[in-house]
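Chemist: no FASTA, just this:
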């Protein structure tokens, strides 16, 4: 659902030279769609916006296919000419919700009242040129990593050590990632380097938990959100995009586990194959800075930092209560807590005119199975198949719980919106007749 926007008939285009408009607008639409994907948008939102903006500029038909690796758009103009362009998305990008919000609002404005194509291009370039604030990346990364180390059962000492290595990981995200060939290579190299440093630190800080430090640091890389989005895409009918992203996330997680295992093997450091849990009260308290840190790390608009953090804290509180008093498995508490997060996100997205993912992703961060996914890949690489099955099932319960919740809430919201639009349309026709 578009923030603060109700679907309606497209306005009458202001432009008559269809060929000139198509040749100017179509490349810009692909640029916008690519930037939105790189900033963290889901494929449904990009397809919907590109389609509506194209109609607003005079297209009688818009065929749009968006997957995480490619965008294909065919624009049919009133003179029956068709213009098709394809865009390959080569880089994984960095989640940047502030930029995504600006791009979404530009599309909505262009749909509601089309602006000249050259002006659309100029305004897009202004948004694209906005650099991700490195201060948010470092501060958010340190706060989130240190807090998650405690959140998952580590000590205060583990949190302090994790904060140090989070700085190293953020430095590699800024300076190493742009020059590596792909995400798999970056994950392996960055985790191998960080693992060597953590292994060396364990020789001088004997009371630190290597597992908790590693898990805290890798929360900045673990593709739990991407895996959840991939599952949601498959459930929602975007099968191609979902399957491709799901396979990617498995490879990303495997490269993370392999990088750490290789470095710790070189250093001769032994780690546990079992997950420890923090007491509920400690995890609830640690959830507050952990969620706030990720809001910074993903560049959420400053005025929304508090309310996105509140969403994550309430979501985790619901999960703790349900897991304690209702169900011992992970799926049921995750599904119900994520349903709250999805409804919370839909309501606030309309209120603050921002993409739903800005609120939803931050709200479910405490539920994202980053730790379980890491241990799943680690046990697979070690050949510990019994533990691999246990952790894999745990990961699947979290992923399905989150993905099903957003799919159900999205389907209900979209059905209600379509019902209202059809009702208003029939009422208008009856009144006109």
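Modeler: The structure has been received and is ready for your questions. Quick caveat: nothing in here was measured; it's all calculated off a predicted structure. Numbering: from 1, shown residues only.

Chemist: where do the strands sit along the stretch 1-150 of the chain?
Modeler: Under the criterion DSSP state E, counting those that start in this stretch, the stretch 1-150 of the chain contains strands at 61-67, 70-76, 82-88.

Chemist: for residue 302, find the nearest of these.
Modeler: Closest of the strands of the stretch 1-150 of the chain to residue 302 is strand 61-67, at 29.4 Å (criterion: C-beta to C-beta). (C-beta placed from N, C-alpha, C; glycine too.)

Chemist: show me how far the closest one is from its chain's centre.
Modeler: Put simply, strand 61-67 sits 22 Å off its chain's centre (C-alpha atoms, centre = their mean, to the nearest Å).

Chemist: mean confidence for that strand?
Modeler: For strand 61-67, mean pLDDT rounds to 90.

Chemist: what pairs with it, parallel or antiparallel?
Modeler: strand 70-76 (antiparallel) (DSSP bridges).

Chemist: would you map out the domains in this protein?
Modeler: Using automatic domain parsing, the domain parsing of the chain gives 18-131, 134-416.

Chemist: so which of those gets nearest residue 422?
Modeler: domain 134-416 (10.6 Å).

Chemist: for the closest one, the averaged confidence score.
Modeler: Domain 134-416 comes out at a mean pLDDT of 87.

Chemist: that one: how far from the chain's middle?
Modeler: Here the centre of domain 134-416 is set off from its chain's centre by 11 Å, with C-alpha atoms, centre = their mean.

Chemist: picking up where we left off before, point out the most buried one among the strands of the stretch 1-150 of the chain.
Modeler: Using mean count of other C-beta atoms under 10 Å, the stretch among the strands of the stretch 1-150 of the chain with the largest mean neighbour count is strand 70-76, at a mean of 21.

Chemist: what is the orientation angle of that one with strand 82-88?
Modeler: 170 degrees (axes from the mean of the first three to the mean of the last three C-alpha atoms, to 10 degrees).

Chemist: residues in contact with strand 70-76?
Modeler: 22, 25-26, 29-30, 33-34, 37, 46, 50, 54, 59-66, 82-89 (C-beta atoms under 8 Å, 6 or more residues apart in numbering).

Chemist: could you redo the last one with a cut-off of 6 Å?
Modeler: 22, 26, 30, 33, 54, 59-61, 63-65, 82-88 (C-beta atoms under 6 Å, 6 or more residues apart in numbering).

Chemist: so who does residue 245 touch?
Modeler: 68, 226, 230.

Chemist: can you tell me the element the last one falls in?
Modeler: Using DSSP states H and E, residue 230 sits in helix 224-236.

Chemist: next secondary structure after that helix?
Modeler: According to DSSP H and E, the helix or strand after helix 224-236 is helix 239-267.

Chemist: buried sites along that next one?
Modeler: Residues 241-242, 244-246, 248-250, 252-264, 267 are the ones in helix 239-267 that count as buried (16 or more other C-beta atoms under 10 Å).

Chemist: looking at the strands of the stretch 1-150 of the chain, which is closest to residue 414?
Modeler: When these are ranked by proximity to residue 414 (C-beta to C-beta), strand 61-67 comes first, at 17.1 Å.
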